[in-house]
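[1] Test case, fold it:
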Amino acid sequence: MANLKKLALGQKVQDLLAKYQNFALIKIDRTSHQTLESLRKELKKNQANFKVVKNTLFEKTLNKLSKNNKVYEEIKKSFFPLKETSALLLLRKEWNSGLTAFYQFLKKEVSLSFKFGHLDDKSYGHEDLLKIAQLPPRNQLLANLIGNFKTPSSRLVHSMKFNITKLVYILKEKAKKSN
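    Predicted coordinates for the structure are as follows:
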């Protein structure tokens, strides 16, 4: 019979994965406890959570979840068996701020790295997560897109008004000289 503590821990991890729709598995080899605590504080500000988890416990939890969700089945095929010490970076539905905060911390602390992640029902490897973490926030991307749509039309309006504005300026100067 399985140990009741381990079953409870497995259920806790399963509940966390259900609560936080997006997650990334992080390699934490040789990272000090103080570093992990400062990372937790930084992530908490960005509505993300960080939990150290045993690889076997995480694998068993994903095995249970893969029966109902094919995305977890893909993760099993692509990234299992897990090696090296791991931690779960748990992200809310709006995952960008938490992922960016972790990436900023990652640049300072070289002992941390991504293993894989699950964002918006799609799994990503190490390199893809690094690229995604470097993206600006969604609101900024939308603002840039709208600005790019607006720029050609505003340039056209300015170019059409330029000659008339220049003519008005010249006429005003002529009027000042004649008075």
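[2] hang on, Thr85 packs against Asp29?
    Yes: taking contacts as Cβ atoms under 8 Å, Thr85 lies within contact range of Asp29: 5.3 Å. All C-beta spots, glycine's among them, are computed from the backbone N, C-alpha and C.
[3] The two: which has the busier surroundings?
    When Thr85 and Asp29 are compared on other Cβ atoms under 10 Å, the one with more neighbours turns out to be Thr85, at 15 against 11.
[4] What does the more buried one show for phi and psi?
    Phi and psi for Thr85, reported as degrees, to the nearest 10, are phi -60, psi 140.
[5] State the distance from it to Asp121.
    27 Å (Cβ to Cβ, to the nearest Å).
[6] same thing with Glu74?
    Relative to Asp121, and taking Cβ to Cβ, Glu74 is found at 10 Å.
[7] Who has more neighbours out of those two?
    Counted by other Cβ under 10 Å, Glu74 and Asp121 do not tie: Glu74 has more neighbours, with 14 against 10.
[8] out of everything not next to it in sequence, what's closest to Gln47?
    The shortest distance from Gln47 to any residue that is not its chain neighbour, by Cβ to Cβ, 6 or more residues apart in numbering, is 5.1 Å, and that residue is Arg92.
[9] Likewise for Leu141?
    Leu135 (7.3 Å).
[10] Locate that neighbour within the secondary structure: which element?
    Element membership for Leu135 (DSSP states H and E) is empty, with no helix or strand holding it.
[11] wait, it sits on Asn96?
    Yes: with contact defined as Cβ under 8 Å, Leu135 reaches Asn96; the gap is 7.3 Å.
[12] So between the two, which is more surrounded?
    Neighbours were tallied for Leu135 and for Asn96 using other Cβ under 10 Å; the higher tally belongs to Asn96 (21 against 13).
[13] separation between the more buried one and Gly125?
    From Asn96 over to Gly125 (counting by Cβ to Cβ), the distance is 18 Å.
[14] Ok, Leu156 next?
    According to Cβ to Cβ, Leu156 stands 44 Å off from Gly125.
[15] who has more neighbours, these two?
    In this view Leu156 and Gly125 are compared by other Cβ under 10 Å, and Gly125 has more residues nearby, 13 against 10.
[16] For that one, list the residues it contacts.
    Contacts of Gly125 were listed using Cβ atoms under 8 Å, 6 or more residues apart in numbering, and they are Ser78, Phe79, Phe116.
[17] if I look at the second one, how far off is Lys115?
    In this structure, Phe79 lies at 7 Å from Lys115, with Cβ to Cβ as the measure.
[18] Now do the shared contacts for those two.
    Taking Cβ under 8 Å, 6+ apart as the contact criterion, the residues that touch both Phe79 and Lys115 are Leu25.
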